[in-house]
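# have a look; sequence and predicted model below, questions after that.
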Amino acid sequence: MSDTTVTRSAVDRTRGFSTLQRARGWMSNPWGRPRFLVVITWAYMIWALVPVLIAIQFSFNDSRSRTVWHGFSTKWYWGDPVNSVWNDPALRTALSQSIKLAAADVVIATPIGVALALGLARWRGRGSGPSNFLMLFPLVTPEIVMGVSLLLLFTQLFTVVHTGTTAQILGHVTFSISYVVVIVRGRLFSIGREYEEAAADLGASPSVALFRILLPLLTPAIVASAAIVFAISIDDFVISQWLSNGADTTTVPMAIYSATRAAPLPSTNAIATVMVLITLASVVAGFLVWRMFTRGERGAGQSAIGDFAALDA
Amino acid sequence: MYPRWLWPAFALPGVVWLVLLFLVPFYAVIGVAFGSVDPILLQAQPAWNPLDWNIGWFSQVLGELTPGGAYWTVFIRTVEYVVVSIVGCFLIGYPVAYYIARHATRTKTLLLILLILPFWISYLMRMLAWVNLLAPDGYVNRFLIWTHVLSTPYGFLDGKSSTVIWALIYGYIPYFILPLYAALDRIDRHYLEAARDLGASPFRAFVHVTLPLSKAGVLGGMVLIALPMFGDYYTPNIVSGAPTTSMIGNQIDLYFHGGPQPTIGAAITILLSAFLVVLMGYYMWTIYRASKELRGA
């Protein structure tokens, strides 16, 4: 096959075919070396990631500019007595509010989601169909629709809750449960029922089969979903904003949003950088635990990354 | 081996949660949209009983959303932005997903990591990055002046539609590429070998085998990014902020956060959801089908 490719492109060159035709040849030959695809792919990666790296660079700028480089400094993290992430009360509040919401979300959404995944995967009675349908809905609803409806819920119907931290936590859990279900259910199907049935044949009671066999097998999925819930919650902007009631319940994405629209300082870049590190740390930790538990179930680390990537899709 | 009540009991807390905090809130939107407005305080007075519904506000908003109405331009602009952005995502995303799925060998792991990385960088951080770059004295303007393309800085951030579309593509393209990559990666290479053995040219093999087999992935990715784009208001607000680039989400945001007129905001929200129902249904169907396949396997 590759011989054919070589002669083809040689012929193309001698006949002076257009670049487009040559590009077409590379794109379409599944065994050839598609040079222009390599270029597009790496150009995309640079385009997708370098702007963020530049934003991180300017969080270390030794001046108030986010566009002109004046040398390295950590003053926007802790050095500046007024405007640094550490010393600006608004940024500190935002950081603690974001972490608080994400932690509460993980603690509440993970157990509810795991139980729902188990229930939906195995319950075959009336009501299981509609429940499955209901579970998928939050995944496809635009966030602004959820934001509006939760805001009106807490201001018009369940007025005991009010807007604020409680409402934000309830909102975050609502959009997180479905992610947990999808991740855990995938794992549940790949495990199958053989292990539990074997345990039952050997005399295990249902509770032993459930807690000593099934739950340990589900652990990687539970850990991965907890990490992903933490990450999506800490990066959430829309639900937090719609259910916020002022400065005390501002999260970091909200602080970035309002700063970007006003006059941002490099401290905005600094707090955004902190958030990127927190999110990446939680996802990497989730991935490492996932791989530790599923090692031996598959060959190389490559497919483990593929599996973990598939969790998002 | 397990008691019959066990699985419904496991599902119960989650189902109750979603009913109370996902379904009931929709009813709150309907109640407000079909309610009335206090003439003095201008506060929404929701109508919970369908018999008390007042369709006055709703039909007024509906009228403004039809050709010639005040929201019609915004609606058309939203559709334009979303469609152009989706086409942009496809043109950039397909070659990237195709390369990683089909050709990347030694670099595949690295490319996959780079591909998922934007998922875990806050969307707002990624927008902030472009605001820095596109500022009058930012790197982009300075590069264009240095190369003599421009003589004075170009106001990328002063309400330009192209900047909003650029930002939408940049913001949502990772969500398009990843499912498409997964779909392309699943394609059985034997089909391609068969096509080549039967004499298809590489280009024909691509057009008649790879492209049709990746159709579901392309459509899924498109719907996945279309839904949040239709509800987006923060992207145009961050990179433009001008009324000339406002989308339908900005109208909703304005009626809740700008001037408190929740009745109109709720009515627009309902109409937006009704407009998106087909896309939502399609996407839910694909997830449902995928989970069924998983269960069967």
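Structure received. Please read all numbers here as calculations on a predicted model, not as lab measurements.
# from here on, contacts and neighbour counts on C-alpha atoms
OK.
# what helices or strands is the host helix or strand of residue B:250 leaning on?
Assigned by DSSP states H and E, residue B:250 belongs to helix B:248-253. Using 3 or more C-alpha pairs under 8 Å, 6 or more residues apart in numbering or on different chains; DSSP states H and E as the contact criterion, the secondary-structure elements in contact with helix B:248-253 are helix B:72-98, helix B:262-296.
# mind saving the C-alpha coords of it as CSV?
As requested, the backbone C-alpha atoms of helix B:248-253 are provided in CSV (Å, rounded to 0.1, in the frame of the first residue of the first chain):
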residue,chain,number,x,y,z
ILE,B,248,-30.8,35.5,22.5
GLY,B,249,-29.2,34.6,25.8
ASN,B,250,-28.2,38.2,26.3
GLN,B,251,-31.9,39.2,26.0
ILE,B,252,-32.8,36.7,28.8
ASP,B,253,-29.9,37.8,30.9
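# identify the residues contacting that helix?
Residues from elsewhere that reach helix B:248-253, judged by C-alpha atoms under 8 Å, 6 or more residues apart in numbering or on different chains: A:144, B:71, B:74-75, B:78, B:230-234, B:237, B:265-266, B:268-269.
# thinking residue B:230 is in contact with residue B:82, fair?
Yes - between residue B:230 and residue B:82 a contact is recorded at 6.9 Å, counting by C-alpha atoms under 8 Å.
# picking that back up, so can I have JSON lines of the helices and strands packed on helix B:248-253 showing mean pLDDT, mean neighbour count and distance to chain A?
Formatted as JSON lines, the helices and strands packed on helix B:248-253 follow (pLDDT from 0 to 100; neighbours: other C-alpha atoms under 10 Å in any protein chain shown; distance: least, C-alpha to the nearest C-alpha, whole Å):
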{"stretch": "helix B:72-98", "mean pLDDT": "95", "mean neighbour count": "20", "distance to chain A": "5"}
{"stretch": "helix B:262-296", "mean pLDDT": "84", "mean neighbour count": "18", "distance to chain A": "6"}
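# I'd like to know which of those is closest to residue B:197.
The minimum distance between residue B:197 and the helices and strands packed on helix B:248-253 falls on helix B:72-98, with 21.5 Å, by C-alpha to C-alpha.
# let me see the mean pLDDT of whichever helix or strand comes after that closest one.
For helix B:72-98, the succeeding helix or strand toward the C-terminus, using DSSP H and E, is helix B:108-116. Summarised as a single mean, pLDDT over helix B:108-116 is 89.
# now the residue positioned nearest the centre of chain B: how far from residue B:236?
Computing the C-alpha centroid of chain B and ranking residues by C-alpha atoms, centre = their mean puts residue B:228 first, at 2.8 Å. From residue B:228 over to residue B:236 the distance is 13 Å, taken as C-alpha to C-alpha, to the nearest Å.
# what's the closest non-adjacent residue to residue B:138?
Residue nearest to residue B:138 in three dimensions, not counting chain neighbours: residue A:67, with 4.9 Å by C-alpha to C-alpha, 6 or more residues apart in numbering or on different chains.
# hang on, the one you found in a helix?
No - Residue A:67 sits outside any helix when classified using DSSP: H, G, I helix; E, B strand; the rest coil, being coil.
# hmm, residue A:168 is touching residue A:102, no?
No - if you go by C-alpha under 8 Å, residue A:168 and residue A:102 don't touch, sitting 10.1 Å apart.
# low-scoring stretches of the chain, by residue?
Just so you know, I chose chain A. A:1-33, A:296-313 (pLDDT under 70).
# let's do chain B instead
Judged by pLDDT under 70, chain B has its weakly predicted residues at B:260, B:294-297.
# circling back: could I get the helices and strands packed on helix B:248-253 as TSV with distance to residue B:184?
Converted to TSV, those look like this (distance: least, C-alpha to C-alpha, whole Å):
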stretch	distance to residue B:184
helix B:72-98	7
helix B:262-296	15
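# buried sites along the longest helix seen in chain A?
Longest helix in chain A by number of residues, with DSSP state H as the criterion: helix A:89-122. With burial defined by 16 or more other C-alpha atoms under 10 Å in any protein chain shown, the residues of helix A:89-122 counted as buried are A:90-95, A:97-99, A:101-106, A:108-121.
# perfect, I'm done here.
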